[in-house]
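Trainee: What follows is a predicted protein model with its sequence.
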Amino acid sequence: MASAFDVPGLRRARFARRVPATLAALAGPRHGTVSLPLHLAWSGLREFDLDQPRLRMSYYRIVLGEAMHDDLVEYLNRDLLVPMWPTLRTLISRDIRDVWESAFNELAPSARTAA
């Protein structure tokens with residue numbers, strides 16, 4: 001159990017509650033322009049062309065950092081997330097990275113070295 005002073009543990013627990021049961025549950029868009037709602041993209045750019053690699057990476061960073069469970073399922077796509085993960089994992093917080101890699105073996109660094 002995390003103590004009141006275990007801020008990283010509390011953040012990880014918050015992110016862990018949001019994660020879907022499987023990566024297959026991530027059935028969001030794969031192509032085209034997507035507009036994120038204000039509760040996700042509250043500062044700056046809200047529309048992202050998923051066919052543009054830089055915009056797609058920014059979109060995934062925002063969604064992973066801000067989204068609740070239902071948002072993750074609605075806005076992320078497993079077939080985009082998995083190949084992006086080696087780069088994306090370097091752009092998100094350690095807490096988010098640790099939670100997702102612990103929840104999904106497919107994203108763990110050992111899964112990439114074994115492939």
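Mentor: Great, that's in hand. Residues are numbered from 1 along each chain as shown.
Trainee: What are the buried residues along the longest helix seen in the chain?
Mentor: What stands out as the longest helix in the chain, according to DSSP state H, is helix 53-66. Buried residues in helix 53-66, defined by neighbour count with 16 or more other C-beta atoms under 10 Å: 55-56, 58-60, 62-64, 66. (Each C-beta comes from the backbone N, C-alpha and C, glycine too.)
Trainee: Please save the CA atoms from the helix or strand following it in PDB.
Mentor: As assigned by DSSP states H and E, the chain's next helix or strand after helix 53-66 is helix 69-75. The C-alpha trace of helix 69-75 is given here as PDB (Å, rounded to 0.1, in the frame of the first residue of the first chain):
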ATOM      1  CA  HIS A  69     -10.400   4.400 -19.300                       C
ATOM      2  CA  ASP A  70     -13.300   5.100 -21.700                       C
ATOM      3  CA  ASP A  71     -11.200   7.700 -23.500                       C
ATOM      4  CA  LEU A  72      -8.300   5.300 -23.900                       C
ATOM      5  CA  VAL A  73     -10.600   2.800 -25.500                       C
ATOM      6  CA  GLU A  74     -12.200   5.300 -27.800                       C
ATOM      7  CA  TYR A  75      -9.100   7.300 -28.900                       C
END
